[in-house]
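Asks: Quick check, what structure comes out for this input:
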Amino acid sequence: YFSPAGVTTCKDCPAGYYQVGVGQSTCTECSKGKFSSDTNQESDSTCESCEVLGHFCPPGTSSATANQCAIGTYSDQSGASECKICTQGQYQTEKGKDACVGCDVGMFLSDQGVSPVNHDQESDCQVCPSNTYNEQTGQQSCIGCKEDHILQDSGTLATLHNSESQCLLSCAAGKYFKEE
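Replies: Residues are numbered from 1 along each chain as shown. Purely as a prediction, here's the structure:
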């Protein structure tokens with residue numbers, strides 16, 4: 001790195017940057033997915049892989065923990081240059097995480113990971129609507145009750161939609177239910 005006209009000293013490349021050549025006026029950023037906490041580096045090979053899960057390293061990063069994943073996102077692999085948005089059925093309320101949390105049974109989240117704001121709080125999960133249930137966590141949709149069965153709750157409590165057994169037999173007109 002060299003100094004512009006009128007400047008009498010050369011400066012070290014800052015952390016997150018390097019310079020291969022002599023007499024240059026700028027430094028080059030460490031590649032995406034890498035960082036360097038040291039100054040005065042001479043090649044990209046001195047930049048280290050971003051290994052801390054829940055974090056990411058865009059070009060020019062000076063620390064493996066400089067950039068936490070935002071809420072609604074996660075990073076589950078080393079060398080990440082960006083975080084992933086939580087997928088269908090999942091959310092994340094904390095920064096710097098390596099995984100998302102699945103919606104509870106009786107609930108769903110159908111957004112396909114378009115925006116983190118649709119996956120950044122537990123309330124993004126919705127209770128299954130009437131005539132549906134969900135017996136597993138982290139689901140993108142609910143399962144409909146069998147034919148001739150109903151679940152009359154209109155999505156008020158997840159605990160009323162967490163099992164197929166909550167779908168009750170509904171007799172057609174002209175018939176009635178008789179226990180045997």
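Asks: any low-confidence regions in this protein?
Replies: 1-7, 172-180 (pLDDT under 70).
Asks: quick one: the helices in it?
Replies: Applying DSSP state H to the chain gives no helices.
Asks: ok, the residue nearest to the spatial centre of it - contacts?
Replies: Nearest residue to the geometric centre of the chain (Cα atoms, centre = their mean): residue 73, 2.5 Å. Contacts for residue 73 were tallied using Cβ atoms under 8 Å, 6 or more residues apart in numbering; they are 83-86, 92, 116, 119. To be clear about C-beta, it is placed using only N, CA and C from the backbone, and glycine gets the same treatment.
Asks: how does it look with 7 Å?
Replies: By Cβ atoms under 7 Å, 6 or more residues apart in numbering, residue 73 lies in contact with 83-86, 92, 116.
Asks: Neighbour count for those - can I get that in a markdown table?
Replies: Listed next are those as a markdown table, based on neighbours: other Cβ atoms under 10 Å:
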| residue | neighbour count |
| --- | --- |
| 83 | 24 |
| 84 | 16 |
| 85 | 23 |
| 86 | 27 |
| 92 | 26 |
| 116 | 19 |
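Asks: Closest one of these to residue 169?
Replies: residue 86 (37.5 Å; Cβ to Cβ).
Asks: Am I right that the closest one is in contact with residue 72?
Replies: Yes. Judged on Cβ atoms under 7 Å, residue 86 makes contact with residue 72 at a distance of 6.0 Å.
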